[in-house]
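Undergrad: what follows is a predicted protein model with its sequence.
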Amino acid sequence: MTAQAMPQTESRREKFFAALGLVLILLLGAFLRFYRLGAENIGNIYYAATVKSMLTSWHNFFYAAFEPGGSVSVDKPPLGFWVQALSAYLLGVYPRTSGVNGFALALPNALAGVLSIWVVYLLVKKQFGVWPALIAALTLAITPVAVSTERNNTIDGLLVCVLLLAIWAVWHSVTSGKFRYLLLGAFLIGLGFNIKMLQAYMILPAVYALYLLGAQHGWWKRILHLVLACLLLLVVSLSWAAVVDLTPPEERPFVGSSTDNTEMELIVGHNGLSRFFSQAMRRPSGASDNRPPAGTGSPFNAQPYRRPYNGQPGQVPSPYPQPYGPPPIQPYGGQPGQAPFNPPVGPVGNQPNSGPGTSAEVGEAGLLRLFSEPLVGEASWLLPLALLGIPLALVAAGWKWPLGEKHLAILLWAGWLLPVALYLSFTTGLFHAYYLIMLGPPLAALTGATLWALERLLARPHVRSHWLGWALTILISGLTLAFEIVTLKNYPQYAKTVTAISFVLWLAGITLLAWREKAWLRKLALGLVLLGLLISPLTWSFLTAFNTSPDSALPKAGPGNSNQPANWSKGFLSPSEERILAYVEANAPAEGYLLATPNARDASPYILATGRPVLTFGGFIGSDNILSASGLAQMVAAGELRFVLYTDELAGQKPEIASWVRQNCAPVAIPGLGERQGAPVPGGAGGGQRSLTLFDCRE
């Protein structure tokens, strides 16, 4: 073999092993995301009911209506649910659910998760080379929070995939000098906004810094390009919201979780300030009766209602008067003088424990939030390695101006990781554990960059540089391993085995690093060190995939993460609710609403079980002012609604409606249940019960 043929052979061999490694990593990532996907539950039933409702008409599809009657929309933009609705429509193999099943709803997220692994590989390969790219892809494939979220019908997996594609476009614009790819990146981030609103903008600091410091143009041209890209970003981001807000309120659903029935307020309020500051979480004021009457039809072909239900177009009727005086302090059936019991409202999670910034799901706000329970197992296993690797990678890359591609890559990934980590650490607003999926891509990329930097130090011919690299490898990886071991102490059933395997692999790698003559030996040693660090997150990801009782409303990684009764996780009704449904289906108006409920938690199972319109007085958590008591009275008089499901929450959140129901409707004695029915409290300790009473309002 000639001297020229040997490098070509080695290059082919490297390409083969790189391709094989990527395929194996993608297969691992796909297995973790697709194993028994949707077999255990239907997912977040609030989102599942929304998708089922969207499939009843084009009107409901466009406005992302939560229930088939089109009275209120989901509290998110529609793009992610459009994708889920398409999946459910194409995979509609279950007649009773019309394709709205766990697999169909989670499928887009799982596919997006596998695609994200590939995109991270492509990006890191351009920045640091093949083997750091394989490390990054493997890290993302087994990041526990990515596995749990992408096995669910929450839409964050789709968001992360779209943002990674945007990063790819902006990176290509910087390295190629082609402005159109910056516009493509802005367009994709705008699409991300229409999946999860302001969460998509969390990568903007990294994007702006990357283009401003790395683009192949003069400074003023870079600024001009960014201004134009921002304009496109805003146009794409606000396009759907503008259409909704410009539509007369009587011709569309009430904007769920907004205070004034506008998407702009939802962006700024519930999906904006409320995510930063707990005191910014406000209750709506002023009820609206801009509710189209119930209607059903084949998917995508029902006609929307085009007039306000009550009053003149554009007018909001006044609240129902209170001729009966203040409502009694007890709920129906309670003892006089007793305050109503108010169990948790809406899907459980992020319920306050002791003060602002503290919750059972995400812990106490502060610098150590991501490094302690309950969030530490989601994405923080390799976080010490990535954080310590940022300055190390900068040193290994050396100083250069203009910044080289490796400097820009570190700037990009650190500019994504650090602001998101700081927000998740210190916010006192509303967020859930699965939001940590936003840490996955930068954490994975910086893990690859850190191993690249260590290998570069170890490869230097000077003996002193080699021993410095060896010492830094021991320090950085050792601290990360120690952090993982301390974390595992909270799980004694796994700690001994996982710790032993991790330590043996890590020690073998560190020992091999004493020999530095062969490049393949250095990479093998670093691979063993990394593998030792990956055992813990890999274990957590497998436990997540194999968990037979996952938390479907608020996905969480690790063992035994379910905090909901099995019936609610599966999207089914409890036995008592099944009897209520049977009675209501037999007696409710054929063309009207099946029944009315205080909030989406109570309405979702009935929507999933029947596909019938189910009115919710308060939207997602019961505080939306969708309908006033006067509007309820007119609905009952018109024969559109007969039954109201009265719960303790209704008395607390909608006292005027609760008073009207008590004064004008009669409790129903369900055969076998009586007048007071009990149902499991989702997330309630010990399978607690909550009060349900069905009222018949037929005059």
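TA: Here it is on my side, so go on. Model, not experiment: these values are computed from the prediction.
Undergrad: buried sites along the helix or strand harbouring residue 418?
TA: According to DSSP states H and E, residue 418 maps onto helix 405-426. Within helix 405-426, the residues scored as buried using 16 or more other CB atoms under 10 Å are 405-417, 419-421, 423-425. Any C-beta I mention is one placed from the backbone N, CA and C, and that applies to glycine too.
Undergrad: mind checking how far that helix is from the chain centre?
TA: Centroid separation between helix 405-426 and its chain, computed with CA atoms, centre = their mean, to the nearest Å, is 20 Å.
Undergrad: what of stretch 615-632?
TA: Counting by CA atoms, centre = their mean, stretch 615-632 is centred 26 Å from the centre of its parent chain.
Undergrad: what angle do the helix or strand hosting residue 109 and helix 405-426 make?
TA: Using DSSP H and E, residue 109 falls within helix 102-128. For helix 102-128 against helix 405-426, the angle by axes from the mean of the first three to the mean of the last three CA atoms, to 10 degrees is 140 degrees.
Undergrad: any weak-confidence spans in the stretch 251-400 of the chain?
TA: 278-358 (pLDDT under 70).
Undergrad: now do 90
TA: Within the stretch 251-400 of the chain, the segments meeting pLDDT under 90 span 270-361, 398-400.
Undergrad: ok, now the stretch 101-250 of the chain?
TA: Judged against pLDDT under 90, the low-scoring parts of the stretch 101-250 of the chain cover residues 101-102.
Undergrad: dump the residue contacts of the one residue sitting closest to the centre of the chain.
TA: For the chain, the residue nearest the mean C-alpha position is residue 156 (3.8 Å; CA atoms, centre = their mean). With contact taken as CB atoms under 8 Å, 6 or more residues apart in numbering, residue 156 is in contact with 109, 149, 196, 199, 434-435, 437-438.
Undergrad: repeat for residue 50
TA: Applying CB under 8 Å, 6+ apart, we find residue 50 in contact with 64-66, 74, 81.
Undergrad: cutoff 10 Å now
TA: Contacts here follow CB atoms under 10 Å, 6 or more residues apart in numbering; on that basis residue 50 touches 44, 60, 64-67, 72-76, 78, 81, 84-85, 100, 153, 256, 600, 604, 607.
Undergrad: what about the residues you listed, which are in strands?
TA: Of the positions in the contacts of residue 50, not one sits in strands, assigned by DSSP state E.
Undergrad: of these, grab the buried ones for PyMOL.
TA: Buried residues among the contacts of residue 50 (16+ other CB under 10 Å), as a PyMOL selection:
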select buried, resi 44+60+64+65+66+67+72+73+74+75+76+78+81+84+85+100+153+256+600+604+607
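Undergrad: show me the contacts of residue 50 that map onto helices.
TA: 60, 81, 84-85, 600, 604, 607 (DSSP state H).
Undergrad: kindly indicate which of the residues you listed lies nearest residue 509.
TA: Residue 509 lies nearest to residue 84 out of the ones in helices among the contacts of residue 50, by CB to CB, at 42.8 Å.
Undergrad: do you know how far the closest one is from residue 197?
TA: Noted for residue 84: a distance of 17 Å to residue 197, by CB to CB, to the nearest Å.
Undergrad: repeat for residue 142
TA: Counting by CB to CB, the separation of residue 142 from residue 197 is 29 Å.
Undergrad: these two: which is more packed in?
TA: In this view residue 142 and residue 197 are compared by other CB atoms under 10 Å, and residue 142 has more residues nearby, 26 against 23.
Undergrad: I'd say that one and residue 533 touch.
TA: No - with contact taken as CB atoms under 10 Å, residue 142 and residue 533 are classed as non-touching, separated by 11.1 Å.
Undergrad: who touches both of those two?
TA: Residues touching both residue 142 and residue 533 comprise 381-382, with contact defined as CB under 10 Å, 6+ apart.
Undergrad: show me where the stretch 401-550 of the chain dips below the pLDDT cut-off.
TA: Of all residues in the stretch 401-550 of the chain, those with pLDDT under 90 make up the ranges 401-403, 429-431, 457-470, 512-524, 547-550.
Undergrad: quick one, helices of it?
TA: Remark: helices of the stretch 401-550 of the chain, listed N- to C-terminal, are 405-426, 440-459, 463-488, 492-512, 519-546; assignment by DSSP state H, counting those that start in this stretch.
Undergrad: buried deepest among these, which one?
TA: Neighbour counts averaged per stretch over those are highest for helix 440-459, at a mean of 27; criterion: mean count of other CB atoms under 10 Å.
Undergrad: from residue 591, how far out is the residue nearest to the centre of the chain?
TA: When residue 156 is compared with residue 591 (using CB to CB), they lie 38 Å apart.
Undergrad: got the domain boundaries for this protein?
TA: Here the chain is described, according to automatic domain parsing, as comprising the domains 18-239+376-474, 573-696.
Undergrad: how about these in TSV, adding distance to residue 540?
TA: Below are the domains of the chain laid out as TSV (distance: least, CB to CB, whole Å):
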stretch	distance to residue 540
domain 18-239+376-474	4
domain 573-696	22
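Undergrad: list just the one of those that sits closest to residue 260.
TA: When the domains of the chain are ranked by distance to residue 260, counting by CB to CB, first place goes to domain 573-696 at 9.7 Å.
Undergrad: so which strand or helix has residue 374?
TA: With DSSP H and E as the criterion, the answer for residue 374 is that it lies in no helix or strand.
Undergrad: sorry, that was for residue 693
TA: With DSSP H and E as the test, residue 693 turns up in strand 689-696.
Undergrad: and that strand, average pLDDT?
TA: The pLDDT scores in strand 689-696 average 82.
Undergrad: and the angle for the helix holding residue 109 with helix 440-459?
TA: Computed by the same axes, to 10 degrees, the angle between helix 102-128 and helix 440-459 is 30 degrees.
Undergrad: could you list every helix and strand in contact with helix 102-128?
TA: The criterion is 3 or more CB pairs under 10 Å, 6 or more residues apart in numbering; DSSP states H and E, and the helices and strands that helix 102-128 contacts are helix 5-34, helix 45-54, helix 79-90, helix 130-141, helix 144-150, helix 156-176, helix 405-426, helix 440-459.
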